[in-house]
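In: pasting the sequence and the predicted coordinates here, then a few questions.
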Amino acid sequence: MIPNPLFSMTYAELHRIYHQPFFDLIKQARAVHEEHWTGNEVQLCTLLSIKTGGCSEDCGYCAQSARYSTGVEAEKLMDKEQVLERARAARANGSTRLCMGAAWKGVRAGTQKFDQVLDIVRSVAPLGMEVCVTLGQLGEEEARQLKDAGVTAYNHNIDTSPEHYPNIVSTHTFEDRLGTIRHAQDAGMSVCCGGILGLGETIEDRLKMLEVLSNFNPHPESVPINALMPMKGTPLGDNPQVDSFSLVRMIAVARIAIPRAKIRLSAGRTNLNREAQALAFFAGANSIFYGDKLLTAANPRANEDLALLRELGLSAQEPNPDLSAPVADEVRELSPPAPCAKTCGC
């Protein structure tokens, strides 16, 4: 990746921020959030699996890998009318972004499955929602065609630190993921890129992951912070649940490190009570996956989400299908984060 020349954070800086007393960290994150996000709005995103199971990759957390016995059956790509039906229902339910995921290693221009996806995107884009896809690895040509078809954002998480990544996946490299992200950005798409907590990583790994994201140029448009939902049959199926305070700390640090990104409270919300979710929103989360299911995992019901947002005085962000991708820092002004609280010792 091309380093971010004007705004990036080092591991040492992130370490100092993370290890502040909890309330000092939340106070700092809230100040950054209010500087860059003035409305009390939350982006509502619907995640739809358009091709489930049978993936050739060996990601140790994923129930869709064909290498593990998880009970998830391989399915064919949904037909366009099925996707449109689900997309219209998501829009009617208040979602402003539809993220369509396919369990593939990647896609290649000229293949039938890629042409089918392009046709689906062209049909969904006029509905007025932001269109996000996650299809695995992309080359330059595939990225350009997705952008031309109407894709607003491409989701491709880096999951964890470069050092820990080989412990989670062996069928592709961390650099492969960075290459896909670069192709998506070069094609003019926004990038949705974050990570997963609970993969057996250390706090150091989590902060090194944020260091990588902070050095993207341009920054990701949105940063999902996921807590692992262990899936039986996968290598990480017995990992312990992520502590809610650790999750909120990472949301706060992500808000400080990447202030103009939407920070998405993603997988693992079923393990958070209402109070923990409220704390996450206060710390800087302003996007959620919304609906009953995240690919193969459960998600809080839509009516429960809406009730919580109303109680907190938050509203759904309006869709922006013409959203411009973030631009590189050579032509973008970006204020630095608020100074670290004095009690942190730095």
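Out: Nice, thanks for sending it over. Residues are numbered from 1 along each chain as shown.
In: and the most centrally placed residue in the chain, bridged to which residues?
Out: Centroid check for the chain by CA atoms, centre = their mean gives Pro224 as the closest residue, at 2.8 Å. Counting by DSSP bridges, Pro224 is bridged to Arg264.
In: look at it and report its pLDDT.
Out: Note on Pro224: pLDDT of 96.
In: run through who's touching stretch 56-65.
Out: Applying CB atoms under 8 Å, 6 or more residues apart in numbering, the contact partners of stretch 56-65 are 52-55, 66-68, 70-72, 103, 105, 136, 159, 167-172, 196, 199, 228, 230-231, 233-236, 295-297. Where C-beta positions appear, they are placed from N, C-alpha and C, glycine not excepted.
In: show the end-to-end separation of it, please.
Out: Terminal residues of stretch 56-65 lie 6 Å apart, using CA to CA, to the nearest Å.
In: now it: buried residues?
Out: By neighbour count on 16 or more other CB atoms under 10 Å, the buried set for stretch 56-65 is Glu57, Asp58, Cys59, Gly60, Tyr61, Cys62, Ala63, Gln64, Ser65.
In: now stretch 125-142
Out: Buried residues in stretch 125-142, counted by 16+ other CB under 10 Å: Ala125, Met129, Glu130, Val131, Cys132, Val133, Thr134, Leu135, Gly136, Gln137, Leu138, Glu142.
In: looking at the residues you listed, which are in strands?
Out: Among those, the ones falling in strands (DSSP state E) are Glu130, Val131, Cys132, Val133, Thr134.
In: give me every residue that touches the fourth one.
Out: Residues in contact with Val133 (CB under 8 Å, 6+ apart) are Cys99, Met100, Gly101, Ala102, Val117, Val121, Leu146, Val151, Tyr154, Asn155.
In: can I get these in CSV with pLDDT, secondary structure and distance to Ala90?
Out: Shown next, in CSV, are these (pLDDT from 0 to 100; DSSP: H, G, I helix; E, B strand; the rest coil; distance: CB to CB, whole Å):
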residue, pLDDT, secondary structure, distance to Ala90
Cys99, 92, strand, 10
Met100, 94, strand, 11
Gly101, 91, strand, 14
Ala102, 89, strand, 17
Val117, 95, helix, 18
Val121, 96, helix, 15
Leu146, 97, helix, 20
Val151, 96, coil, 16
Tyr154, 97, strand, 19
Asn155, 96, strand, 16
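In: now which of those would you call buried?
Out: Among the contacts of Val133, those buried by neighbour count (16+ other CB under 10 Å) are Cys99, Met100, Gly101, Ala102, Val117, Val121, Leu146, Val151, Tyr154, Asn155.
In: and the residues you listed, which is closest to Leu14?
Out: Asn155 (23.0 Å; CB to CB).
In: just flag the most distant two among the buried residues of stretch 125-142.
Out: In these, the most distant members under the criterion CB to CB are Met129 and Gln137, with 25.0 Å between them.
In: surely Val124 is in contact with Arg86?
Out: No: Val124 is beyond contact range of Arg86, at 9.5 Å (criterion: CB atoms under 8 Å).
In: and these two? Which one has more around it.
Out: With neighbours defined as other CB atoms under 10 Å, Val124 and Arg86 compare such that Val124 has more, 26 against 19.
In: what sits against that one?
Out: Contact analysis of Val124 by CB under 8 Å, 6+ apart lists Val83, Leu84, Ala87, Leu98, Met100, Val131, Gly150.
In: how about the ones in strands among the buried residues of stretch 125-142 in TSV, adding pLDDT and distance to Leu178?
Out: Output for those, formatted as TSV (pLDDT from 0 to 100; distance: CB to CB, whole Å):
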residue	pLDDT	distance to Leu178
Glu130	92	24
Val131	95	23
Cys132	95	19
Val133	96	18
Thr134	94	16
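In: and the lengthiest strand in the chain, what does it pack against?
Out: Looking across the chain with DSSP E, the single longest strand is strand 41-51. Where contact means 3 or more CB pairs under 8 Å, 6 or more residues apart in numbering; DSSP states H and E, strand 41-51 is packed against helix 80-92, strand 97-102, helix 112-124, strand 262-265, strand 287-289, strand 315-316.
In: about what we covered before: wait, which of the buried ones among the contacts of Val133 is closest to Tyr290?
Out: Cys99 (10.6 Å).
In: hmm, Met129 and the closest one touching each other?
Out: No: in this structure, Cys99 is not within contact of Met129 by CB under 8 Å, at 9.9 Å.
In: and Ile225, what is it in contact with?
Out: Residues in contact with Ile225 (CB under 8 Å, 6+ apart) are Gly194, Gly195, Leu197, Leu247, Met250, Ile251, Ala254, Ile263, Arg264, Leu265, Ser266, Ala285.
In: how about the nearest residue to the second one, chain neighbours excluded?
Out: This means Gly195. With sequence-adjacent residues excluded and distances taken as CB to CB, 6 or more residues apart in numbering, Gly195 is closest to Met209, at 4.7 Å.
In: and what of the last one?
Out: In this structure, Ala285 finds its nearest non-sequential neighbour in Leu265, 4.2 Å apart by CB to CB, 6+ apart.
In: where's the one you found relative to Leu308, distance?
Out: For Leu265, the distance to Leu308 equals 11 Å [CB to CB, to the nearest Å].
In: ok, Leu207 next?
Out: Using CB to CB, Leu207 is found at 29 Å from Leu308.
In: and the contacts of Ile225, which is closest to Leu48?
Out: Taking CB to CB as the measure, Leu48 lies nearest Ser266 of the contacts of Ile225, at 14.7 Å.
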